[in-house]
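Engineer: Here is my input, please return the structure:
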Amino acid sequence: MVLLLQRASSVPLHRQIYLALRATIIDAQMAIGARLPSSRVLAADLRVSRTTVLGAYGQLAADGFIVARRGDGSRVSGAVPRSAPTPQGAGLTGRAGGDAAGSPAMLSAFGARMVAVYRPPRGRSELRAVNAPVSFGCPPLAVGIPDLEAFPLAIWSRLANRQWRRNAVELLSPGDGAGYLPLRQAIAEYALINRAARCTAQQVIITAGAQQGISIAARLLLNPGDQVWIEQPGFTPARSAFLGVGAELVDVPVHAEGLDVAIGRTRAPHARMAFVTPSFQAPLGVVMSIRHRLALLDWAAETRSWIIEDDYNGEFRYDGQPLASMQGLEHPGALRVIFLGSFSKTMFPALRLGYAIVPPELAEPFALARLTDDRHSPTIEQATLADFIAEGHFARHVRRMRVLYAERQRVFLDIARRELGDLLRVDPAPAGMRLLGWLPTGISARRVADEAALRNVMVATLSRHRVMAENTDALLLGYVPFAAATARAALCSLGEAIKTVARESRDIATRRLGK
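Structural biologist: Numbers count the residues shown, from 1 in each chain. Down below sits the predicted model:
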C-alpha cells in the first residue's frame, strides 16, 4: 500500500492517513472484505508511530468504512457506497449525473447552456494559463491585465487607513444594495465630466464588475425566448449571461464602424435588447461611429428596446479624449441605455468594483436585484475608492496610464515588426489594452497558441469570440504591463511557435500531395 504523507502540512498525519484510505475504499480500489495492513506494519512502512495509524483506523471504523474484529484485523465494510463511472452524456447536459463529490453537477437546461460558453475544447495554452507561474499576475502577452506596478499603491493605502481611523464602525456595518452613497456620488460626477453621462447618484448602482451588471440586467429585463442583439465577434461572458436566462442570441456583425444596425433590424427587428461595446469593441477594437450610435438609439426609441452599453476599455483612448457615452447623448433612445463601467482594468483586477448607470425607473429594481446576488461589495473598498475618485487621484492615474500605454503600444509594434516580420501582422489600436495579430493564411491560431504556451507565452485566439468570417487566424496580444525586454523575449518565442506550426502545415500539405 502506497500512501504519500505531507509531513510539512498543517493536516495531522493520522488525518492524512484516514483521508487517503477513505478515498481508496470509496473509489473501489480495495474490494469489499479486503484486509487492511496491520497497524504495526503500516506504521513501519510510513515511518510513523503506531498510535497515529490506530487513530486513522479508529476514525475509519467509526465512520463505517472498515470493520475491525479481534483476531481478524480490519477489513473493508460491505456497507460502503462506491463511486461509479459517470454515465455517457451525464453532467452538464442536465439529463444525468451523480451527487458524489467530484462528479458532474446536474444543471438546468439554461445552466448547461450558460456554462457551455466557457467550455470550448481546451488546448494546451488554456491549461497552461491556469497554472503558469508568474511574478506579477499574468504571463507574457496575456490580455486584460493593467500595469499593476504603476498603480499608486501608497496613495491607496493611505486613503484606506484614513477610512479605518475615521469611519471604522460605519465600515463594519451592513451596506446598501445600491452601494456606498459617497462612491455613487463620486462616480456620477466623474461620469458627467469625463464621459458626458447624464445621471444622478440615485441612478448609479455599485456592482462587482461589469459582468455582474450584465447578469442583473439580463435577469431583470429578459424573458425566456426574448431576442438579444449581440456583436459578432463579441464578448463571451455576455453571451453566457443572456443564455443563462433563456434569451435567443441574434449575432449581428461588426465592421469598421461598429455594430451593423441595419443587419440587426433585418434579423430581429423587435429584439428586446442589444449589447454593444461602442468605445472599444471587444475583441476587434473598432470604435462605433456616431452614425451607427444614433441609428442604434433610433431603433431603441422606436421599439422600446434596451441597450447595454459596456464601456469596455473606454478610458484608455490614445487619439484624443475618451468618447462621450451613448447614454449621455441628447436622444430619446438614450433613456433606454444601461451604461456599465468597471475599475478592474483602470486600476487593478482584484478590486472587483464596477457600476451601472441605469434609467431612473430601473434604479430600485437594480438595487434590489443586487441584494439577491451578494448584497453589496466590501464597504472599505467602496469608501477608499470614493476618496480616490473625489480627490482626483483616479483621473490623474488614468491620464498617466494613457501616456504609458500609448508608449508601450508604440514600442511593442516596433518590436513586433522587427522580430516577427511577415510571420504576424500586428495592427495598431486607437484605444484599449490589446492588439490583434493576423497570421498568414493557412496557419492555425489554435495551434500557434498551444505552441506558444509550451514556451510560457500566453496568447488568446480571435476564434474564441465566435468569429464566423472566413479568416479567423488571428491572435489577441496583451502589451500594457510588459517592458520592452519582456515584450521582445515573448515575441521571439511567439515567432518560434509560428514557425513550428508553419512547418507542420507544410508537412501535412506535402503528404497530401504525395497521396
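Engineer: and Leu5, helix, strand or coil?
Structural biologist: coil (DSSP: H, G, I helix; E, B strand; the rest coil).
Engineer: Give me the nearest residue to it, chain neighbours excluded.
Structural biologist: Residue nearest to Leu5 in three dimensions, not counting chain neighbours: Gln16, with 5.4 Å by Cβ to Cβ, 6 or more residues apart in numbering. (C-beta placed from N, C-alpha, C; glycine too.)
Engineer: residues touching the one you found, list them.
Structural biologist: Gln16 makes contacts with 3, 5-6, 9, as judged by Cβ atoms under 8 Å, 6 or more residues apart in numbering.
Engineer: For these, please prepare TSV with the additional fields distance to Asp72, pLDDT and neighbour count.
Structural biologist: Shown next, in TSV, are those (distance: Cβ to Cβ, whole Å; pLDDT from 0 to 100; neighbours: other Cβ atoms under 10 Å):
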residue	distance to Asp72	pLDDT	neighbour count
Leu3	22	71	15
Leu5	27	81	15
Gln6	32	83	9
Ser9	33	81	10
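Engineer: about what we covered before: now do the same for the residue nearest to Leu5: its pLDDT.
Structural biologist: With respect to pLDDT, Gln16 scores 88.
Engineer: Okay, and it sits in which element?
Structural biologist: helix 13-26 (DSSP states H and E).
Engineer: Kindly report the same for Glu451.
Structural biologist: Applying DSSP H and E, one finds Glu451 within helix 445-454.
Engineer: That helix packs against which elements?
Structural biologist: helix 124-131, strand 460-461, strand 474-478, helix 484-514 (3 or more Cβ pairs under 8 Å, 6 or more residues apart in numbering; DSSP states H and E).
Engineer: For the spatially most central residue of the chain, pull up the helix or strand it's in.
Structural biologist: Among the residues of the chain, the one closest to the centroid is Pro237, at 7.3 Å (Cα atoms, centre = their mean). Remark: Pro237 resides in helix 236-244, with elements defined by DSSP H and E.
Engineer: picking that back up, render the CA-only coordinates of the helix holding Gln16 in CSV, please.
Structural biologist: Output of helix 13-26 as CSV, limited to C-alpha atoms (Å, rounded to 0.1, in the frame of the first residue of the first chain):
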residue,chain,number,x,y,z
LEU,A,13,-0.7,12.7,9.9
HIS,A,14,-3.5,10.5,11.3
ARG,A,15,-6.0,12.6,9.3
GLN,A,16,-3.9,12.3,6.1
ILE,A,17,-3.9,8.5,6.5
TYR,A,18,-7.6,8.5,7.2
LEU,A,19,-8.4,10.6,4.1
ALA,A,20,-6.1,8.6,1.8
LEU,A,21,-7.6,5.2,2.9
ARG,A,22,-11.1,6.5,2.8
ALA,A,23,-10.6,7.7,-0.8
THR,A,24,-9.1,4.3,-1.8
ILE,A,25,-12.1,2.5,-0.3
ILE,A,26,-14.8,4.8,-1.9
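Engineer: what angle sits between the helix or strand following it and helix 13-26?
Structural biologist: Proceeding N to C from helix 13-26, the next assigned helix or strand is helix 39-46, under DSSP H and E. Interaxial angle of helix 39-46 relative to helix 13-26 (axes from the mean of the first three to the mean of the last three Cα atoms, to 10 degrees): 100 degrees.
Engineer: And the helices in the stretch 151-300 of the chain?
Structural biologist: 153-172, 181-195, 210-221, 236-244, 261-267, 290-303 (DSSP state H, counting those that start in this stretch).
Engineer: residues in contact with the residue nearest to Asp422 when sequence neighbours are not counted?
Structural biologist: In space, and not counting its chain neighbours, Asp422 is closest to Pro440: 7.0 Å by Cβ to Cβ, 6+ apart. Listed by Cβ under 8 Å, 6+ apart, the contact set of Pro440 reads 422-423, 473, 502.
Engineer: Pull the number of nearby residues for the residue nearest to Ser344 when sequence neighbours are not counted.
Structural biologist: The shortest distance from Ser344 to any non-neighbouring residue, by Cβ to Cβ, 6+ apart, is to Gly209 (5.7 Å). Other residues near Gly209 come to 22 when the count uses other Cβ atoms under 10 Å.
Engineer: Would you mind confirming that Gly209 is in contact with Tyr355?
Structural biologist: No. Look at Gly209 against Tyr355 with Cβ atoms under 8 Å: they stay out of range, at 9.5 Å.
Engineer: Isn't Pro349 up against Ile145?
Structural biologist: Yes. Between Pro349 and Ile145 there is a contact under Cβ under 8 Å: 6.7 Å.
Engineer: For those two, indicate the residue with more neighbours.
Structural biologist: Ile145 (20 against 16).
Engineer: how close does the more buried one get to Leu413?
Structural biologist: To Leu413, Ile145 is 19 Å away according to Cβ to Cβ, to the nearest Å.
Engineer: Got the confidence number for Asp27?
Structural biologist: For Asp27, the predicted pLDDT is 71.
Engineer: what does Arg40 give?
Structural biologist: In this prediction, Arg40 has a pLDDT value of 89.
Engineer: please begin residue numbering at 59 from this point
Structural biologist: Taking 59 as the first residue, the last one we looked at is Arg98.
Engineer: Roughly how far does it sit from Gln117?
Structural biologist: On the measure of Cβ to Cβ, Arg98 and Gln117 end up 18 Å apart.
Engineer: And for Val484?
Structural biologist: From Val484 to Gln117 the distance is 60 Å (Cβ to Cβ).
Engineer: that older thread, and for Gly267 and Tyr413, which residues touch both?
Structural biologist: Contacts common to Gly267 and Tyr413, judged by Cβ under 8 Å, 6+ apart, are Ser400.
Engineer: The strand or helix carrying Gly113 - what's its average pLDDT?
Structural biologist: If you go by DSSP H and E, Gly113 is part of helix 108-120. On average, the pLDDT along helix 108-120 is 90.
Engineer: the helices in the stretch 359-508 of the chain, which residues?
Structural biologist: Counting by DSSP H, counting those that start in this stretch, the helices of the stretch 359-508 of the chain are 421-431, 437-448, 451-478, 503-512.
Engineer: Would you reformat the ones you listed as a markdown table and include mean neighbour count and distance to His328?
Structural biologist: Shown next, in a markdown table, are those (neighbours: other Cβ atoms under 10 Å; distance: least, Cβ to Cβ, whole Å):
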| stretch | mean neighbour count | distance to His328 |
| --- | --- | --- |
| helix 421-431 | 17 | 23 |
| helix 437-448 | 21 | 39 |
| helix 451-478 | 17 | 39 |
| helix 503-512 | 22 | 36 |
